[in-house]
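1. Need the 3D shape of this:
(2 chains)
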Protein chains: 2
Amino acid sequence: MTGSNAPVALPDALVSRLTALLGEHFTANASVCGHHGGGGMRHPNLPPQAVAFPATTDEVAAVVRLCAEFRVPVVPFGAGTSLECHVGAVAGGVSLDLSRMNRVLRVSAEDFDCTVEAGVTRMALNTYLRDTGLFFPVDPGVDATLGGMSATRASGTTTVRYGGMRENVMALTVVTADGQVIRTAGRARKSSAGYDLTHLFVGSEGTLGVITEVTLRLHPVPEAVAAAVCAFPSAGAAVSTVIEALQSGLAPARAEYLDAVQMGAVNTAFDLDYAVADSLFLEFHGDPESVRSQARAFGELATANGGSDFRWETEPEGRDRLWRARHQAGFAALSLRPGAVPWSTDVCVPISRLAECVVETRADLADTPFPGTMLGHVGDGNFHCILLLNLDDPDEMAAAAEFDARLIRRALAMDGTCTGEHGIGLGKQAALVHELGDAVDVMRSIKRALDPHGLMNPGKIFSAA
Amino acid sequence: MTGSNAPVALPDALVSRLTALLGEHFTANASVCGHHGGGGMRHPNLPPQAVAFPATTDEVAAVVRLCAEFRVPVVPFGAGTSLECHVGAVAGGVSLDLSRMNRVLRVSAEDFDCTVEAGVTRMALNTYLRDTGLFFPVDPGVDATLGGMSATRASGTTTVRYGGMRENVMALTVVTADGQVIRTAGRARKSSAGYDLTHLFVGSEGTLGVITEVTLRLHPVPEAVAAAVCAFPSAGAAVSTVIEALQSGLAPARAEYLDAVQMGAVNTAFDLDYAVADSLFLEFHGDPESVRSQARAFGELATANGGSDFRWETEPEGRDRLWRARHQAGFAALSLRPGAVPWSTDVCVPISRLAECVVETRADLADTPFPGTMLGHVGDGNFHCILLLNLDDPDEMAAAAEFDARLIRRALAMDGTCTGEHGIGLGKQAALVHELGDAVDVMRSIKRALDPHGLMNPGKIFSAA
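-> Now for the predicted structure:
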């Protein structure tokens, strides 16, 4: 296997057998392949040679076994919303698009869990659940598939209260590199039965096998919800308010920071009139009384840190407007430099170091030759800089890479991580080694043991060699 | 390497080099070795040929490298409180006793975390933390080491509220089979940086490497605590009360079931006068108002299920008396048949199936030729039967094994697990295969990759062959 993406044709015999298996659900159409190349952000598009659309775990296993027989790479594909080119076909091969595996298989309201096929998106699941009194909280913003969110260990705006995929995946069905179908766990709330394969596959980015079914924890829909935006005199004041709130036992369901530049972009893009200042977007869940008391206690901490201009939204329409502004912040940021390509950084640090990390990074960003915004899930210690870049300007791209490298060094020096939620993919492989050193050798040993021919999403997490 | 525990002497050259390394902290004394054999319950004592007492991670690495050079097994040893013979030297070798690694390395009150050496016990940690306003909640009853609790993925009475080791270990320092020292993660609350090695080593039972340091989540000491015992007309009524409480959003910190036989034993052993009935031991944590309102809401559910004779304890002395009765229930049970050997079962099922599983098991236990009690962490779906056995009666031992096999089949048919918290060790290897099938092949592949010579606690989880 080579590390290049040269458009080598697939073996004819493999194409015939995959066509016999899947009929019209297997294609080498160039446009379809082009949509499965994972390009975007600073990453090139790396299309596969063909795309398979299996409808069942058994079909996935059959595709994996056939590709293994011909030593052809398999690249699992969910919704293609990754920011680190997780689905790019670095070494060519077959993209395994799971979008037809879109059934909710079971829901247990009594056990607060459900099992879905990997291609179900988080929004589709929550629509399905709407009459049960339960919901699935993990919210990365985009409408990713639950298989993809599992594979990348996704999290997002509600992780501060409900945890991310690490905390909310109970069990997986996985097709291994040799085409076996395994289930990693049952539905008991806890178990000490052998190695924790569930957590090994959560975050493995398709490099150890293909996740085809996911058993998830669900949570009761809160009786009352209140959201707010609040302006602060500085980044440090905004972040410190969240940290003090967590340390005093408050449990916001969302606690998002947006810097003043980002707030200006949001106002422009969505015709809003929020204060152009370092701001927090907040949400509290609970019974009406606890939501009121949490909001009051948070308000007191915010005021003590110079917070002002609280705008509360308790009705669904107002909250949707508020969170659309947050979730589409990346889109809004692009208005600052039309035609620019965004690059999102993703460090996460212990919350005791967060204010310092944000303030230093804010100053560093101000010195770069390109515009950029800052925002993040500050209750988790995780924040992003959205760098707005001209891909055709090598000096600018080099400056962006240096900025990101400084940011990662800063976070690692604080015992943090190079990626809170976006994953390694193609973009953070050197940073992973910087962060975990010899532990990456242990990961490589596991990769070689479970995928000896290097056919499962090759070139991700580690180089393909 | 053989599967036997034949007392083959260690190579002289290895003994000299280990003695040069550790001096008096390396010994082949028969009595010391005998105390490191992991016997108890239904398991034989399997002493190592020697015991090493390293004081640092570097010394652990040196011992592991030396043993690897001579192809001698290494068996990590914490407090020796495992119930499934995790520390027995199945194939002989060196027991690596971590009791000298007993330092708390750091505590961050701001981040709610700490790092300890593997030999620190959970009670020693909580004593150390007593002035910080924080505590470590995972409570398996015995005073196990935090390294051992990590290695066996322990949980216990507070898991229903705070999670077990799976949820509370943030990062580990591990000595791998080839003597490398790795750290599995930083201290960020979340990360998507590569495979989740932390969770792979949590629950690996010493078979993949030696855990030498553990970074743990801490929790704020609750402002108010109230505990109670309540009697019910049946096992089903007691268990259903807990399930209904969880489903209605109550979050007890502890919710323990003890059957009538066990309650009688507790009364006798500790000179108490609780009702001899199916009972719940409960605890609520929070601010004084929320503890009162949770207790009131729980009381209403209990009364609706026929619960009566509530005895509340809000002062530390009363709570300690109450929980001593629960935590030493196994000791109390022995009074039912002096001289008997206890065998504790450990299934865990989804809570929707728990009442059914407990009631069926209760009936099955009544038909066995030996006495036994039932108790468990019913908020997690996990319960134990303590079988009181005459080890010298093969018919009785066979009946006990058949009872356990029926119990495990019953739990697995309900999508549960053969072990909620005790682990596989020597005792549940066949059940593991029954539970997870081909997934065990994946575990074996990982074992071979990370421990190619089979020297790390051989014979545990899988047979040594």
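2. what residues does the stretch 301-450 of chain A put near chain B?
-> A:348-352, A:380-382, A:411-412, A:415-424, A:428, A:431-432, A:435-443, A:445-446, A:448-450 (C-beta under 8 Å from any C-beta of the partner chain). For glycine as for every other residue, the C-beta is placed from the backbone atoms N, C-alpha and C.
3. Any quick PyMOL command for the buried ones out of the residues you listed?
-> Buried members of these, defined by 16 or more other C-beta atoms under 10 Å in any protein chain shown, are picked up in PyMOL with:
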select buried, chain A and resi 348+349+350+351+352+380+381+382+411+412+415+416+417+418+419+420+421+422+423+424+428+431+432+435+436+439+440+442+443+445+446+449+450
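4. how about low-confidence regions in the stretch 151-300 of chain A?
-> Within the stretch 151-300 of chain A, not a single segment meets pLDDT under 70.
5. ranges for the strands of it?
-> A:169-176, A:181-183, A:209-217, A:219-220, A:224-232, A:254-258, A:278-286 (DSSP state E, counting those that start in this stretch).
6. what pLDDT does the spatially closest residue to residue A:339 that is not a sequence neighbour get?
-> With sequence-adjacent residues excluded and distances taken as C-beta to C-beta, 6 or more residues apart in numbering or on different chains, residue A:339 is closest to residue A:390, at 8.0 Å. pLDDT, residue A:390: 96.
7. Any regions of the stretch 351-465 of chain A where pLDDT drops low?
-> In the stretch 351-465 of chain A, residues with pLDDT under 70: A:464-465.
8. re the thing from before, which members of the residues of the stretch 301-450 of chain A next to chain B are positioned in helices?
-> Among those, the members falling in helices (DSSP state H) are A:351-352, A:411-412, A:431-432, A:435-436, A:439-443, A:445-446, A:448-450.
9. Dump the strands of the stretch 151-300 of chain A into a markdown table; add distance to chain B and mean neighbour count as well.
-> A markdown table is the format used below for the strands of the stretch 151-300 of chain A (distance: least, C-beta to the nearest C-beta, whole Å; neighbours: other C-beta atoms under 10 Å in any protein chain shown):
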| stretch | distance to chain B | mean neighbour count |
| --- | --- | --- |
| strand A:169-176 | 6 | 25 |
| strand A:181-183 | 4 | 20 |
| strand A:209-217 | 9 | 26 |
| strand A:219-220 | 6 | 16 |
| strand A:224-232 | 13 | 22 |
| strand A:254-258 | 12 | 26 |
| strand A:278-286 | 10 | 25 |
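10. Which of the ones you listed sits closest to residue A:202?
-> With C-beta to C-beta, the closest approach to residue A:202 among these belongs to strand A:169-176: 5.2 Å.
11. strands paired with the closest one, and their directions?
-> Here strand A:169-176 is paired, per DSSP bridges, with strand A:181-183 (antiparallel), strand A:209-217 (antiparallel).
12. Which helix or which strand is home to the closest residue to residue A:35 other than its chain neighbours?
-> Counting by C-beta to C-beta, 6+ apart, residue A:80 is the residue found nearest to residue A:35 once chain neighbours are left out, at 7.4 Å. According to DSSP states H and E, residue A:80 maps onto no helix or strand at all.
13. same thing with residue A:75?
-> Using DSSP H and E, residue A:75 falls in strand A:74-77.
14. Just checking: what are the partner strands of the helix or strand following that strand?
-> Counting by DSSP H and E, the next helix or strand C-terminal to strand A:74-77 is strand A:94-97. Sheet pairing of strand A:94-97 (DSSP bridges) gives strand A:50-52 (parallel), strand A:74-77 (parallel).
15. Run through who's touching strand A:94-97.
-> A:10, A:18, A:33, A:36, A:48-54, A:60, A:63-64, A:67, A:72-77, A:87, A:89, A:210 (C-beta atoms under 8 Å, 6 or more residues apart in numbering or on different chains).
16. one more time with 6 Å, if that's ok
-> A:36, A:48, A:50, A:51, A:52, A:53, A:67, A:74, A:75, A:76, A:77 (C-beta atoms under 6 Å, 6 or more residues apart in numbering or on different chains).
17. I'd like the mean pLDDT over that strand, please.
-> For strand A:94-97, the per-residue pLDDT averages 98.
18. okay, the angle between the helix or strand just after that strand and strand A:169-176?
-> Where DSSP H and E defines the elements, the next helix or strand beyond strand A:94-97 is strand A:104-108. Relative orientation of strand A:104-108 with respect to strand A:169-176: 150 degrees, computed using axes from the mean of the first three to the mean of the last three C-alpha atoms, to 10 degrees.
19. Strand A:104-108: how far from the chain's middle?
-> Put simply, strand A:104-108 sits 24 Å off its chain's centre (C-alpha atoms, centre = their mean, to the nearest Å).
20. other SSEs contacting the following helix or strand past it?
-> Of the helices and strands lying after strand A:104-108 in sequence (DSSP H and E), the nearest is strand A:113-117. The contact analysis (3 or more C-beta pairs under 6 Å, 6 or more residues apart in numbering or on different chains; DSSP states H and E) places strand A:113-117 against strand A:104-108, strand A:209-217.
21. so which of these comes closest to residue B:265?
-> Here strand A:104-108 is closest among the helices and strands packed on strand A:113-117 (C-beta to C-beta), at 35.2 Å.
22. Mind listing residues that contact the closest one?
-> By C-beta under 6 Å, 6+ apart, strand A:104-108 touches A:114, A:115, A:116, A:128.
23. beta partners of the residue nearest to the last one when sequence neighbours are not counted?
-> What it means is residue A:128. The shortest distance from residue A:128 to any non-neighbouring residue, by C-beta to C-beta, 6+ apart, is to residue A:104 (4.9 Å). Assessed by DSSP bridges, residue A:104 has beta-bridge partners residue A:116.
24. gap between residue A:104 and residue A:285?
-> Separation of residue A:104 from residue A:285 (C-beta to C-beta, to the nearest Å) stands at 23 Å.
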